[in-house]
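Asker: this one's sequence-less:
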């Protein structure tokens, strides 16, 4: 099915099942420990040997000598994989650095060997016996130091509208500030893990991966085997956030280890290995300039962004939202990429917008203060209902202002005081607001829908559920379309033997994958109607029956003894080009800052979101509060600290890389505005999983400023950065 | 493979074990392995009960309780998130008290009674905490969830038993089942999906129902 005209009324609009806050259908399995993740396939892959990864301990250079002798003769060792034993390996389309290094080393903790042994203890012990001698090469590890060498990436487009320089210098009120965001780690709870098993030339990989078809292609490309010879299975994924978009070393090394050991091999990356071995969100430096008239109308907006990555990598484009969020006739928006010899940078939850809004939405707060305007009022003045770069393109939906006003009313925004002036005992308190923005992406997505003679509908698609609630919303979609209850729907995901889906990334998963299921269900409905000689246009599906006029038959009977199968996909036409499709929100945060220690505590959080039809308000709310939590981490604690001499992230475990814990997060509120977006898909839904992290960090930063009157522009906002400027203790 | 030997853990044995577990550091091995031959793994017989069933295993001394459960008993509900005691995904109950099973060697648990997530309830017969997690959507990817639930059950017991926490105002007063107390006590269990707000809602419901 091609989606190229706006959606009209369709069976989803009944909202008998879709749109309800249904409990997750995978909940009973997950809460009882019965949901099997990638490393937990004792039945499917019995007698697996254990692989333990060895990583490089230099950032750049070559292996001069690799002595495996002691490891090879250690108890229980079956085989050792290195670049020498692996044969010719290609690099995946989605990888910047090779997944198995040697002799060339591209980054710290790049895998250089896999020790396969009978037990984990033996493999780990033997891995420690490998002796490596390196020849180090000089590398660049400090973005600040090489910022001036940065260039425009081939896929980056400068946005130059009007005369920015002239308009900015002529503006009566100006802001020119630079912000910094550090490198961030996904730090999902399930480490990257895979089990590989070969049967002749057919490889099966149970692996934690968000994008099954991308992964299948890259495993095949890396190993130099046909894609048809690779099967990926990934029914449960313990978090991804972008970190599992791509094939990683665990999968390739398990496959190589299994080929050498001639039996299944399982590999999980040790936690302390993940931070330097796998991709991270790159740090950014962002200069923002805003020029406005005295009444607050923006005449010039400039956002220049710098980030770094390994040669051949891509930028963290923190300017994405600035192209769309506010009006302003004169615009200068650029992103530049430097070559850095650090571990690979890549997508993490809301790549671009997450760090971009951390900067832009402080700048808006700072500018509003300069203008003497309430920051919500300033945003209202500069709202736009069209793409500011191309005014002929309207937004499909844009309820940013309603999000801000709804939030203000619910949060008690009118009680916000002047900076540094509100206190609660020894705590200085403050409120902050920020806009949330994330583009809505759509991706082709296919599904197969089966109906059996008992009226049970089974959906098969290689779509993944990384905690997003995919199982449940796909079941809701199929139940709505086929007129059955959720108890009559079975959902099977994450297997490359199923039709290729959109996968989980870029907050495109929910809308695209359910639209694919919609398309397959439309086809199945037609097959069923035709089998009964009903007119498909006049046939209804409800209460387990298919009905046309006075004729009605049980769905199971209509399916016939052998059942029916339909398969289709959704693909998207030009509506994303003719209309700017984005999701919007407003974050409100209240913090307390201890007047003595400058310790920051988040007291309240509210997000108001306008993101199309909300398919399941319960799981969607969880996505938003989870993203708010991750955004709180980015604002207050998350910081991959670089050893600039040796080129690696020092704090490479969960004690050193701090993420929010229970005690950091208060009760969180989410309000979804009523919205359907007929331009996005037949589901009229949009992405919401990343919107929640967009802007929340700046709302926290602005609340800290409101509490203390101290502005920190270098994330994370830690107490040491506040202390020197804190108000005098009364 | 070395033949199984019976040992009763004492300080010297544990030092050897620790040295073996830290074999990545050859210095540590050298200083503690004066009397032990570490060219072959040391295997020990261990008996404990898991979820009410007696288990007898012969394990490499370096095997953690977590790996004994996951890799030897195939009870994979208990998760390995960090293997360093930093995330809480491996939380189980040993003799009624919660521990990080990754920080404990299996050999230290001879005779112990261990309860894992599989022992709390099943999909058809959920523990009230498991049901409350589902109702309040106190999880997303599900990977930290068994640890969160084991901790949540234990935390309510700890509060009931009068054990104070870092945020208890009065160390001698009976601690209250408040969100503040629960958040503090649950802070060893990381949820990167960020379900904290919902987890506290789930715990509050169970605490209210059983209070």
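Answerer: Structure's in. What do you need? Note that the coordinates shown come from a computational prediction; the quantities given were computed from them, not determined experimentally.
Asker: Now do the same contact list for the residue in chain B positioned nearest to chain A.
Answerer: Residue of chain B nearest chain A, by CB to the nearest CB: residue B:77 (1.8 Å). Yep, even glycine has a C-beta here, placed from its N, CA and C like the rest. The contact partners of residue B:77, by CB atoms under 8 Å, 6 or more residues apart in numbering or on different chains, come to A:32-34, B:116-118, B:146.
Asker: list the helices and strands the helix or strand containing residue A:510 packs on?
Answerer: Here residue A:510 sits within helix A:509-531, counting by DSSP states H and E. The elements that helix A:509-531 packs onto, with contact taken as 3 or more CB pairs under 8 Å, 6 or more residues apart in numbering or on different chains; DSSP states H and E, are strand A:445-451, helix A:470-482, strand A:539-542, strand A:545-548, helix A:555-559, strand A:564-572.
Asker: quick revisit: pull the most distant pair out of the contacts of residue B:77.
Answerer: Spanning the widest gap among those are A:34 and B:116, at 11.6 Å by CB to CB.
Asker: Which pLDDT value does the model give the closest residue to residue A:33 other than its chain neighbours?
Answerer: For residue A:33, ignoring the flanking residues on the chain, the nearest one in space by CB to CB, 6 or more residues apart in numbering or on different chains is residue B:77 at 1.8 Å. Looking at residue B:77, its pLDDT stands at 98.
Asker: circling back: neighbour count winner among residue A:34 and residue B:116?
Answerer: residue B:116 (23 against 16; other CB atoms under 10 Å in any protein chain shown).
Asker: domain parsing for chain B?
Answerer: Dividing chain B into domains by automatic domain parsing, as the record does, gives the ranges B:11-120, B:128-210.
Asker: least reliable of the ones you listed going by mean pLDDT?
Answerer: For the domains of chain B, mean pLDDT drops lowest on domain B:11-120, to a mean of 84.
Asker: What is the distance between it and the centre of its chain?
Answerer: Remark: domain B:11-120 is offset 10 Å from the chain centroid, using CA atoms, centre = their mean, to the nearest Å.
Asker: tell me the SS of residue B:152?
Answerer: Recorded secondary structure, residue B:152: helix (DSSP: H, G, I helix; E, B strand; the rest coil).
Asker: how close does it sit to residue A:654?
Answerer: As defined by CB to CB, to the nearest Å, residue B:152 lies at a distance of 20 Å from residue A:654.
Asker: for residue A:311, same thing?
Answerer: Using CB to CB, residue A:311 is found at 30 Å from residue A:654.
Asker: out of the two, which sits in the more crowded spot?
Answerer: More neighbours sit around residue A:654 than around the other of residue A:311 and residue A:654, counting by other CB under 10 Å; the figures are 25 against 10.
Asker: Secondary structure element holding the closest residue to the more buried one other than its chain neighbours?
Answerer: Closest residue to residue A:654 in three dimensions, ignoring its sequence neighbours and counting by CB to CB, 6+ apart: residue B:86, at 4.0 Å. For residue B:86, there is no enclosing helix or strand under DSSP H and E.
Asker: tell me, how many neighbours does residue B:86 end up with?
Answerer: In terms of burial, residue B:86 registers 20 neighbours under the definition other CB under 10 Å.
Asker: Likewise for residue A:274?
Answerer: For residue A:274, the number of neighbouring residues by other CB under 10 Å comes to 27.
Asker: For residue A:458, give me its contacts.
Answerer: Taking CB under 8 Å, 6+ apart, one finds A:449-452, A:489-492 in contact with residue A:458.
Asker: got it, and residue B:130?
Answerer: With contacts defined as CB under 8 Å, 6+ apart, residue B:130 is in contact with A:28, A:31-32, B:120-121, B:149.
Asker: One more: residue A:565?
Answerer: Residue A:565 sits next to A:448-451, A:524 when contact means CB under 8 Å, 6+ apart.
Asker: can you tell me how far it sits from residue A:522?
Answerer: For residue A:565, the distance to residue A:522 - CB to CB - is 14 Å.
Asker: cool, and residue A:477?
Answerer: Taking CB to CB as the measure, residue A:477 falls 11 Å from residue A:522.
Asker: do residue B:53 as well
Answerer: For residue B:53, the distance to residue A:522 equals 50 Å [CB to CB].
Asker: where do the strands sit along the stretch 601-730 of chain A?
Answerer: A:642-643, A:648-649, A:668-672 (DSSP state E, counting those that start in this stretch).
Asker: need these in TSV with distance to residue A:87, mean pLDDT and mean neighbour count, can you?
Answerer: Rendered in TSV, the data for these read as follows (distance: least, CB to CB, whole Å; pLDDT from 0 to 100; neighbours: other CB atoms under 10 Å in any protein chain shown):
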stretch	distance to residue A:87	mean pLDDT	mean neighbour count
strand A:642-643	34	98	18
strand A:648-649	29	98	23
strand A:668-672	51	98	20
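Asker: and chain B, which of those is closest to it?
Answerer: strand A:668-672 (4.4 Å).
Asker: didn't residue B:105 look like it was pressed against residue B:64?
Answerer: Yes - when contacts are counted by CB atoms under 8 Å, residue B:105 is listed as touching residue B:64 (5.9 Å).
Asker: Can you report how many residues neighbour the closest residue in space to residue A:579 that isn't next to it in sequence?
Answerer: Spatial nearest neighbour of residue A:579, chain neighbours left out: residue A:396 (4.2 Å); criterion: CB to CB, 6+ apart. Residue A:396 is surrounded by 20 other residues when neighbours are defined as other CB under 10 Å.
Asker: Where does the stretch 101-250 of chain A get nearest to chain B, residue-wise?
Answerer: Per CB to the nearest CB, the residue of the stretch 101-250 of chain A with the smallest distance to chain B is residue A:238, at 2.9 Å.
Asker: Right, I'll leave it there.
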